[in-house]
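Asks: Here you go, sequence then predicted model.
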Amino acid sequence: MIKRLGIIGVAVLIAFIAFRSNFEIVKPTKEAPVAQQQICHKELAGVVNKGETLFDIFKKYNLDLTELFKIKEASANIHRVRDLHPGQPYKIIIDNDNKIHSLIYWIDDEAFLNIRRNESGFCAVKEQVEYEKIVHNVSGTIKNNLVSSISDENGGLLLALQLSDIFAWDIDFTSDLRNGDTFKIVVEALFLDGQFKKYGNILSVEFINNGKTYYAFGFENKGKIDYYDADGKSLKKAFLKAPLSFRRISSHFSKGRFHPILKIYRPHHGLDYTAAAGTPVSSVGDGTIIFKGRKGQYGNLIIIRHKNGWGTYYGHLSKFAKGIKRGSRVGQGDLIGYVGSTGLATGPHLHYEVRINNKPVNPLTLKLPSGSPVPTSLMADFSRFRNDMRLKLETMGIQTTDYAKK
Ligand SMILES: [Zn+2]
């Protein structure tokens, strides 16, 4: 059930985040639409299998292949039906003579291809999936070992990843989470035909980590949501809290739905993150690669130069990420390599070092410049939004179901 990461000699603690949610608005189930098509119409619905083409689907249902040609023609400039994606649903309505009345193919979560018969053949349109947004409360407690699976059925894992992204500059989700940490989230829940589909944007969060309370308010500015603290200061900083990203690790080890609490050691002027060999390593900030290669005890090393004489070192790597070259630019969070044990290392770990004007400093106590705050012109709007969100967070209880026992 719980697989263990191959971390040599280190007990692996596995944390799951317990999610309990409650809806603010109970949405009445929609009445089934009155069938307007003739009764003789039949619906063929399915999901594209791996390697399956529209041709295969037509053969499976014994459909007219000359119509397949017309459908391909009609949709050629809209969405090429040649590239069906495995796992995507489709629905074909046929009449008594096996003639196609309409075909719907869901391209992704956001759009579907709608092909309908008309007088001259078929006409195709790409339509946006119109979700109904409902503001939803989610809360929970972090527990040691097993807090809970963030029940994938509710899209909880994606929510946890969003949460780790929002606090990526302040909290290292791979090692800072503590037994008893609590979180409250106000998030958009997206519904289709009365059915929950997924979570949308997180609107606000209260996260108590190791006794310290963090807030995030997702405020829209220039069509984009950015996260700010209660004073309207950006949560973004020049460096991420850690070079090992919860999101990257989660997708890298996606098969077991677990996340290691990594061990950090400080044996010298740097940090050592004990992690499974192959764990992805990312750049903590924007910069330029000024060294890539072998260097004594560091083994395979990457050095990145950032603004203001700042530099970061990533040592003992097993290998470098594709496309990483001396002189190339990297963005914050970009993949640069993988944890290994090259150089002087007894087991796989990442050696991470920050230097200012070539002097090593403690990465955990750095004072880092923040991103742009809420613009003065929007401050009144922000305050209103924040007050509204704060009230929601304050009145939200924390669900305390003991998932560990399940
Ligand atoms: Zn080290």
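Replies: Alright, I've got the coordinates.
Asks: Next, the residue nearest the centre of the chain: secondary structure please.
Replies: Nearest residue to the geometric centre of the chain (CA atoms, centre = their mean): L161, 4.5 Å. Look at L161: counting by DSSP: H, G, I helix; E, B strand; the rest coil, its state is helix.
Asks: any idea how far the ion is from it?
Replies: For L161, the distance to the ion equals 28 Å [CB to the ion, to the nearest Å]. The C-beta positions use only the backbone N, C-alpha and C, and glycine is treated the same way.
Asks: list the contacts for that residue?
Replies: By CB atoms under 8 Å, 6 or more residues apart in numbering, the residues touching L161 are F246, R247, S250.
Asks: what do you get if the cut-off is 10 Å, keeping everything else the same?
Replies: Applying CB atoms under 10 Å, 6 or more residues apart in numbering to L161 gives the contacts I150, F173, S245, F246, R247, R248, S250, S251.
Asks: and it, how far is that from F55?
Replies: Distance, L161 to F55, using CB to CB, to the nearest Å: 37 Å.
Asks: now the contacts of L161: which count as buried?
Replies: By neighbour count, with 16 or more other CB atoms under 10 Å, these hold I150, F173, S245, F246, R247, R248, S250 as buried.
Asks: Nearest spatial neighbour of the second one, chain-adjacent residues omitted?
Replies: Nearest non-adjacent residue to F173, counting by CB to CB, 6 or more residues apart in numbering: F246, 3.6 Å away.
Asks: what's the pLDDT at that neighbour?
Replies: As predicted, F246 sits at a pLDDT of 82.
Asks: is it true that it touches I166?
Replies: No - using CB atoms under 10 Å as the test, F246 is too far from I166 to be in contact (11.2 Å).
Asks: The strand of greatest length in the chain: which residues count as buried?
Replies: Looking across the chain with DSSP state E, the single longest strand is strand 195-209. Across strand 195-209, burial judged by 16+ other CB under 10 Å covers F196, Y199, G200, I202, L203, S204, V205, E206, F207, I208, N209.
Asks: name the helices or strands packed onto that strand?
Replies: Packing partners of strand 195-209 (3 or more CB pairs under 10 Å, 6 or more residues apart in numbering; DSSP states H and E): strand 20-23, strand 132-141, helix 156-166, strand 182-192, strand 212-221, strand 224-228, helix 379-395.
Asks: Minimum distance to R82: which of those has it?
Replies: strand 182-192 (26.6 Å; CB to CB).
Asks: Report the angle between that closest one and helix 156-166.
Replies: Counting by axes from the mean of the first three to the mean of the last three CA atoms, to 10 degrees, strand 182-192 lies at 120 degrees to helix 156-166.
Asks: gap between strand 182-192 and the chain center?
Replies: Average the C-alpha atoms of strand 182-192, do the same for its chain, and the two points are 14 Å apart (CA atoms, centre = their mean, to the nearest Å).
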